[in-house]
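In: All I have is the shape, not the residue letters:
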């Protein structure tokens, strides 16, 4: 191999980097194909889940309504939370949903639509004595990889054991089997989980903090994000959002303006 100057090597490295970085397809390209590629977990009821082989959930139906207005079909694929953002960055999906809290840290990797709802985070356990995060000292806490709870729990300023699981289903099973003392979840999920798992009663503490939740796109995909925002406004204004909110949560989960 011929020796190359430092400048030439730098140029080759830059070209290799550009070649390995996939550009998100524009909304024009999405419309031309007629398909919106969606990535979501299959185990996060009532947000996104599979029932009788059919994709369902608040976020899936909301996206379905928006896509229908645009003349698009949904192609829903499944992946755990930890794989959603890399898939967007590699252009393997146009949008990801998973009750994704909008945070400044996440916005360094992807971008979000306007909030689709707001949710309050609570401690979930099988012990009535565990209500707040301060009750978790010297306890074993389970979280799913790639969720905001993973970083939140790591920062709790006391001794504890943290178990990070690949999927949300793994965390749920660990809680039911008493492998962990507690986990965290959005309080608005409680009615659904109580109905799905009546033999495994859980205790939900009061809301610790509230977060806005949105749909994620690649950071560079401005056209798709803008189209989703316009579609979201329409669904919210014509009453379809309110019906979905009542269907899946029994209450209005939209973010209240201060």
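Out: Done, it's in. All values reported here derive from a predicted model rather than from experimental measurement. Numbering: from 1, shown residues only.

In: now the strands for the protein?
Out: For the chain, the strands defined by DSSP state E cover 35-40, 43-44, 48-51, 54-56, 73-78, 95-101, 110-112, 117-125, 140-144, 161-165, 182-186, 203-204, 209-218.

In: just checking, what packs against the fourth one?
Out: Just to be clear, that refers to strand 54-56. The helices and strands touching strand 54-56, judged by 3 or more C-beta pairs under 8 Å, 6 or more residues apart in numbering; DSSP states H and E, are strand 48-51. C-beta here means a position set from N, CA and C on the backbone, and glycine is covered the same way.

In: How about the fifth one?
Out: If you count contacts as 3+ C-beta pairs under 8 Å, 6+ apart, strand 73-78 packs onto strand 35-40, helix 58-69.

In: mind putting the ones you listed in a markdown table, distance to residue 130 and mean neighbour count included?
Out: Output for the helices and strands packed on strand 73-78, formatted as a markdown table (distance: least, C-beta to C-beta, whole Å; neighbours: other C-beta atoms under 10 Å):
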| stretch | distance to residue 130 | mean neighbour count |
| --- | --- | --- |
| strand 35-40 | 30 | 22 |
| helix 58-69 | 28 | 21 |
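
In: can you tell which of those is closest to residue 219?
Out: Nearest to residue 219 among the helices and strands packed on strand 73-78 is strand 35-40 (15.6 Å), distances taken as C-beta to C-beta.

In: Pull the residues that contact that closest one.
Out: By C-beta atoms under 8 Å, 6 or more residues apart in numbering, the residues outside strand 35-40 that reach it are 30, 48, 55, 57, 59-60, 63, 67, 70, 72-79, 83-84, 87-88, 92-98.

In: strands paired with it, and their directions?
Out: Next to strand 35-40 in the sheet, as set by DSSP bridges, lie strand 73-78 (parallel), strand 95-101 (parallel).

In: how about TSV for the ones you listed, with mean pLDDT and distance to residue 218 added?
Out: Shown next, in TSV, are the strands paired with strand 35-40 (pLDDT from 0 to 100; distance: least, C-beta to C-beta, whole Å):
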stretch	mean pLDDT	distance to residue 218
strand 73-78	97	16
strand 95-101	97	9
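
In: okay, those strands, which one's buried deepest?
Out: Highest mean neighbour count of these: strand 95-101, a mean of 26 (counted as mean count of other C-beta atoms under 10 Å).

In: Need the strands of the chain in a markdown table (columns: distance to residue 132).
Out: Below are the strands of the chain laid out as a markdown table (distance: least, C-beta to C-beta, whole Å):
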| stretch | distance to residue 132 |
| --- | --- |
| strand 35-40 | 30 |
| strand 43-44 | 24 |
| strand 48-51 | 28 |
| strand 54-56 | 33 |
| strand 73-78 | 33 |
| strand 95-101 | 19 |
| strand 110-112 | 28 |
| strand 117-125 | 6 |
| strand 140-144 | 13 |
| strand 161-165 | 17 |
| strand 182-186 | 10 |
| strand 203-204 | 11 |
| strand 209-218 | 12 |
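
In: Which one of the ones you listed lies nearest to residue 192?
Out: Closest approach to residue 192 among those (C-beta to C-beta): strand 48-51, 9.2 Å.

In: so what secondary structure elements neighbour that closest one?
Out: strand 54-56, helix 58-69, strand 95-101.

In: do you know which of those lies nearest residue 230?
Out: Taking C-beta to C-beta, helix 58-69 is the member of those nearest to residue 230, at 8.8 Å.
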